[in-house]
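*Asks:* Mind looking at a prediction? Sequence and model below.
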Amino acid sequence: MNDTSKPRLLALDTLRGFDMFWIIGGDLFFKALGQETHWVWADLFARQMDHAEWKGFYAYDLIFPLFMFISGVAIPYALFSQLEKGKTTKELYPKILKRTFILIVLGIIYNGGLNFQFDTLRIASVLGQIGIAYAIAAFIAIHFKNFKTLLFWVIGILVGYAILQLVVPVPNFGAGTLTPEGSINSYMDRILLPGKLYGTVFDPEGILCIISASAITLMGTLAGIILRYNSLTAYKKVQFFIIIGIALIGLTLLLQNVYPIIKSIWTSTFNLLTGGISFLLLALFYLVIDVWKYQKWTFVFRVIGLNSIAIYMAVAIIHFQATSNFIFGGIASLFGNYQTIILILGLLIVEWFFLYFLYKKKVFIKV
């Protein structure tokens, strides 16, 4: 099967925006809705808006790996297309490394790097993990563009990582101790990772987590390759995504009792589960948006998705909640016990119009 360049997928920008929506306040809105209304469905939804304490999985745990999956889907479009135009793999190195470097720096700034309190600064970050894992996946992808070869890379990373976590002994804890203190991830972070650790004895964006996370980025790359295949119909692509997604989730269910799902140390089962769900979500968004052409509703999320890094950083820099309180405080006071819900809804509105302003001015901050 031959692949060629395709126009930009609306589904990809929409899915990215949908993912970011939960980070910028969607989670807070549904938490407040559940807590204040006590509606059964809202309460159930609200319970999914937190990370699992250690073992297990909540919907909120999907946000980060889904974003990485989406960044992987973009690799064939952004990089393979350049190779098809005659660029060599070495000519793509600066672009990949520049993106990685900027994301690492932005991650450090997000963690408070501009305060210059380096003795308490956390070096590891969400953006840093995205950048480095992307670089690992991108370098593998541009050198081994074949679908089957990249599939073996994904399997190799997942199996190798599982062996590392389950077989390699940690001093004073032994092998296979998947606890905050005793995991091989925690041990490596305490030895090699400079700065403050998010979990005191471990970091969920630590060194080994980054390597593991490159696997789900490569899963996204496989999805991107499928999307670019000319010889597959759109419905066949959707079918492939559904089959892969169900298979990954099924494999997770078989393994979870002996190899638990743990986001904080990014176990291979966590990759399998989130990768499976990501394939299913991509199938749904691609089918509805790019195949069936139901696209008007996507604008709300596309405005967010087209400036995902901008809003992620802006939330840390700009006090959007204060603006919401200023504009909607009077209205919210009329709703009694529900005023928190109104103010959070106002927060989402303020953030969206900030992004809409950038959209209208054609300002898209990309890395």
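*Replies:* Alright, I've got the coordinates.
*Asks:* C-alpha from now on. contacts and neighbour counts both.
*Replies:* Fine.
*Asks:* how many neighbours does T267 have?
*Replies:* T267 is flanked by 24 other residues according to other Cα atoms under 10 Å.
*Asks:* Where does the prediction get shaky in the chain?
*Replies:* The chain contains residues with pLDDT under 70 at 1-7.
*Asks:* what's the residue nearest the centre of it in contact with, if anything?
*Replies:* Geometric centre of the chain, nearest residue: F67, 2.5 Å, by Cα atoms, centre = their mean. Taking Cα atoms under 8 Å, 6 or more residues apart in numbering, we find F67 in contact with R16, D19.
*Asks:* how near is it to G25?
*Replies:* 16 Å (Cα to Cα, to the nearest Å).
*Asks:* what number of residues lie near the nearest residue to F202 once chain neighbours are set aside?
*Replies:* Using Cα to Cα, 6 or more residues apart in numbering and skipping the chain neighbours, the partner closest in space to F202 is S186 (4.4 Å). By the criterion of other Cα under 10 Å, S186 has 28 neighbours.
*Asks:* likewise V73?
*Replies:* Residues near V73, counting by other Cα under 10 Å: 24.
*Asks:* what about it, which helix or strand?
*Replies:* helix 63-75 (DSSP states H and E).
*Asks:* Can you give me the buried ones in that helix?
*Replies:* 63-75 (16 or more other Cα atoms under 10 Å).
*Asks:* Taking those, tell me the two that lie furthest apart.
*Replies:* I63 and I75 (19.2 Å; Cα to Cα).
*Asks:* which residues are contacting the helix or strand harbouring I244?
*Replies:* Applying DSSP H and E as the criterion places I244 in helix 234-255. Helix 234-255 has contacts (Cα under 8 Å, 6+ apart) with 223, 226-227, 269-270, 272-273, 275-280, 282-284, 286-287, 291.
*Asks:* thought N325 was touching I342?
*Replies:* No: in this structure N325 lies outside contact range of I342 using Cα atoms under 8 Å: 9.6 Å.
*Asks:* export the helix or strand containing the residue nearest to F202 as PDB, just CAs?
*Replies:* Using DSSP H and E, S186 maps to helix 184-192. Taking Å, rounded to 0.1, in the frame of the first residue of the first chain, the C-alpha atoms of helix 184-192 are listed here in PDB:
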ATOM      1  CA  ILE A 184      12.500   0.800  38.900                       C
ATOM      2  CA  ASN A 185      11.100   4.200  37.700                       C
ATOM      3  CA  SER A 186      11.300   5.700  41.200                       C
ATOM      4  CA  TYR A 187      14.700   4.300  41.700                       C
ATOM      5  CA  MET A 188      16.000   5.800  38.400                       C
ATOM      6  CA  ASP A 189      14.300   9.100  39.100                       C
ATOM      7  CA  ARG A 190      15.900   9.500  42.500                       C
ATOM      8  CA  ILE A 191      19.300   8.700  41.100                       C
ATOM      9  CA  LEU A 192      19.300  10.500  37.800                       C
END
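*Asks:* What are the buried residues along it?
*Replies:* Buried, per 16+ other Cα under 10 Å, within helix 184-192: I184, N185, S186, Y187, M188, D189, R190.
*Asks:* can you give me the helices for the stretch 51-200 of the chain?
*Replies:* Ranges of helices in the stretch 51-200 of the chain, per DSSP state H, counting those that start in this stretch, are 63-75, 81-84, 89-110, 126-143, 147-167, 184-192.
*Asks:* Determine which stretch of these is the most buried.
*Replies:* helix 63-75 (a mean of 24; mean count of other Cα atoms under 10 Å).
*Asks:* what angle sits between that helix and helix 126-143?
*Replies:* Using axes from the mean of the first three to the mean of the last three Cα atoms, to 10 degrees, the direction of helix 63-75 lies 30 degrees away from that of helix 126-143.
*Asks:* Kindly export helix 63-75 (C-alpha atoms) in CSV.
*Replies:* Extracted in CSV, the C-alpha atoms of helix 63-75 (Å, rounded to 0.1, in the frame of the first residue of the first chain):
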residue,chain,number,x,y,z
ILE,A,63,-6.0,13.1,28.7
PHE,A,64,-2.2,13.1,28.7
PRO,A,65,-1.7,9.9,26.7
LEU,A,66,-4.4,10.9,24.2
PHE,A,67,-2.6,14.1,23.5
MET,A,68,0.6,12.1,22.9
PHE,A,69,-1.2,9.7,20.6
ILE,A,70,-2.5,12.7,18.6
SER,A,71,1.0,14.1,18.3
GLY,A,72,2.0,10.7,16.9
VAL,A,73,-0.8,10.8,14.3
ALA,A,74,0.7,14.0,13.0
ILE,A,75,4.2,12.6,12.4
